[in-house]
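In: just to be clear, the model below is a prediction. Sequence and coordinates:
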Amino acid sequence: MLAIMGAMDEEIELLLTDLQDRETLERPGATLYRGVLDGVPVLLTRGGIGKVNAAMTATYLLLEGADRVIFTGVAGGVHPDLRVGDIVVSTDLVQHDVDVTALGYELGTIPGEVPAWAADERLRVAALEAAGEVEGVRALEGRVASGDQFIASAGDVQRLWTRFGAACAEMEGAAVAQVCAKAGVPFVVIRSVSDTADHDANVDYRTFMPLVARHAKQVVRGMLARLSTQA
């Protein structure tokens, strides 16, 4: 079953409104919804903010039978060409706030883990094609950098760009990627840019959140149309 996940209510409410045959599944610290969206059986949930919440909720999705995971929502743009409203489809994901360099590990690498988790190619292609149909929106593939902090300074943006080659920054995706990779479940993270992750991030985020939430919904619905025709 396909699972769709967002961090906040605003990131899933437009999809939840259209979910048919809805069944609510209460789990400790999370609520999952099972139903049908555009003829496709799905699990839908708000995962909560931060990597721990995201990992916990992703685990619940897998235990409920999710065999593909789409994480959708907003992010701060890091790539210099990105503007508010643009869409980033993940190539891979890193945890930028992990630092075990004192023991000889590369910045962002958790001991015993890979430095980055690669998104599923088939899901990536579907996401890019769907994003290309959203009027007035540019879509690009790139690395998503996750960490338990809201990036809101030009210095941090530059650090993520030069150290990690990140396209955007958010707070959950890499945790979902890590859980899915361990379980062998294909995943992709789709982030709509709500701000440019600099000193204006707070203002931009609050102003443009409704717009980018609509963009994210359009991409997910476009993906459903493509994935439903695939074996």
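Out: It's in.

In: how close does residue 134 get to residue 218?
Out: Separation of residue 134 from residue 218 (Cβ to Cβ, to the nearest Å): 5 Å. From N, CA and C alone the C-beta is placed, and that goes for glycine too.

In: now the host helix or strand of residue 219: average pLDDT?
Out: Per DSSP states H and E, residue 219 falls inside helix 201-227. Mean per-residue pLDDT for helix 201-227: 76.

In: pLDDT weak spots in the chain?
Out: 196-209, 212, 229-231 (pLDDT under 70).

In: so how many other residues sit close to the closest residue to residue 130 other than its chain neighbours?
Out: Of all residues not flanking residue 130 in the chain, residue 222 sits nearest, at 2.8 Å (Cβ to Cβ, 6 or more residues apart in numbering). By the criterion of other Cβ atoms under 10 Å, residue 222 has 19 neighbours.

In: I figured residue 151 hits residue 161, correct?
Out: No - the pair residue 151 / residue 161 is not scored as a contact, 10.9 Å apart, by Cβ atoms under 8 Å.

In: higher neighbour count, these two?
Out: When residue 151 and residue 161 are compared for neighbours, residue 151 comes out ahead with 27 against 17, by other Cβ under 10 Å.

In: quick one: that one from residue 65, how far?
Out: Residue 151 sits 34 Å away from residue 65, taking Cβ to Cβ as the criterion.

In: residue 126 too?
Out: To residue 65, residue 126 is 20 Å away according to Cβ to Cβ.

In: who has more neighbours, those two?
Out: Legend: neighbour count by other Cβ under 10 Å for residue 126 and residue 65, higher for residue 126 (22 against 11).

In: the more buried one sits in which helix or strand?
Out: In this structure, residue 126 is located in helix 121-131 according to DSSP H and E.

In: neighbouring strands for the next helix or strand after that helix, and are they parallel or not?
Out: Scanning forward in sequence from helix 121-131 by DSSP H and E, the next helix or strand is strand 139-146. Strand 139-146 pairs in its sheet with strand 87-95 (parallel), strand 166-170 (parallel), by DSSP bridges.

In: which of the ones you listed sits closest to residue 181?
Out: Evaluated with Cβ to Cβ, these place strand 87-95 nearest to residue 181, the distance being 9.4 Å.

In: how far off helix 121-131 does the closest one point, in degrees?
Out: Here the directions of strand 87-95 and helix 121-131 differ by 140 degrees (axes from the mean of the first three to the mean of the last three Cα atoms, to 10 degrees).

In: can you give me how far the very next helix or strand once past strand 87-95 is from the chain middle?
Out: Per DSSP H and E, strand 87-95 leads on to strand 117-118 as the next helix or strand towards the C-terminus. Put simply, strand 117-118 sits 13 Å off its chain's centre (Cα atoms, centre = their mean, to the nearest Å).
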